[in-house]
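*Asks:* The following block contains a protein sequence and its predicted model.
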Amino acid sequence: QENLVESGGGLVQAGGSLRLSCAASGTAFRNYGMGWFRQAPGKEREFVAAISFTGGSTKYADSVKGRFTISRVNAKKTVYLQMNSLKSEDTAIYYCAAKGFTDSDQAKEYHTWGQGTQVTVSS
């Protein structure tokens, strides 16, 4: 069973950048597809980005394509979300999640979730 811990959130001005990290414990990280989701106040959780267990396949929400990049370093059991050109609408709690092998934009497929990290973008 993996535990996931996000870090790297904070307050940033619009147009700025942040890099989120999600560190996993346990021994199965290399077999997990990983995803980032976010939830803004009063809104439903939404998909942001996902990466397959090898890193060879990625998916992005249309709203973040060209601005966000997901990556992973299996030796460090860590997945990253590089966020550039941040907008006020990116303000949310960001969660990482784990599933078996493949990347997916479906939250229901993920079996392990982190506690989340707050990202606030000021305009």
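*Replies:* Nice, I can see it.
*Asks:* mind listing what the residue lying closest to Tyr60 once chain neighbours are set aside touches?
*Replies:* Distances taken as CB to CB, 6 or more residues apart in numbering place Ala49 nearest to Tyr60, at 5.0 Å, with adjacent residues excluded. Using the backbone N, CA and C atoms, a C-beta is placed for each residue, glycine as well. Contact partners of Ala49, counting by CB atoms under 8 Å, 6 or more residues apart in numbering, are 35-36, 58-61, 64, 68-70, 81.
*Asks:* ranges for the helices of this protein?
*Replies:* For the chain, no helices are identified by DSSP state H.
*Asks:* Any regions of it where pLDDT drops low?
*Replies:* Nowhere does the chain drop to pLDDT under 70.
*Asks:* Strands of that one, residue ranges please.
*Replies:* 4-7, 10-13, 18-24, 32-39, 46-51, 58-60, 68-73, 78-83, 92-100, 112-113, 117-122 (DSSP state E).
*Asks:* Could you report the neighbour count for Ile93?
*Replies:* Using other CB atoms under 10 Å, Ile93 is surrounded by 18 other residues.
*Asks:* Buried among the contacts of Ala49? Make that a PyMOL selection.
*Replies:* To isolate the buried ones among those in PyMOL, judged by 16 or more other CB atoms under 10 Å, type:
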select buried, resi 35+36+59+60+61+64+68+69+70+81
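*Asks:* hmm, which two among the contacts of Ala49 are most spread apart?
*Replies:* Gly35 and Thr69 (14.0 Å; CB to CB).
*Asks:* center of the chain, which residue is that?
*Replies:* Centroid check for the chain by CA atoms, centre = their mean gives Trp36 as the closest residue, at 2.5 Å.
*Asks:* what about that one, distance to Thr27?
*Replies:* 22 Å (CB to CB, to the nearest Å).
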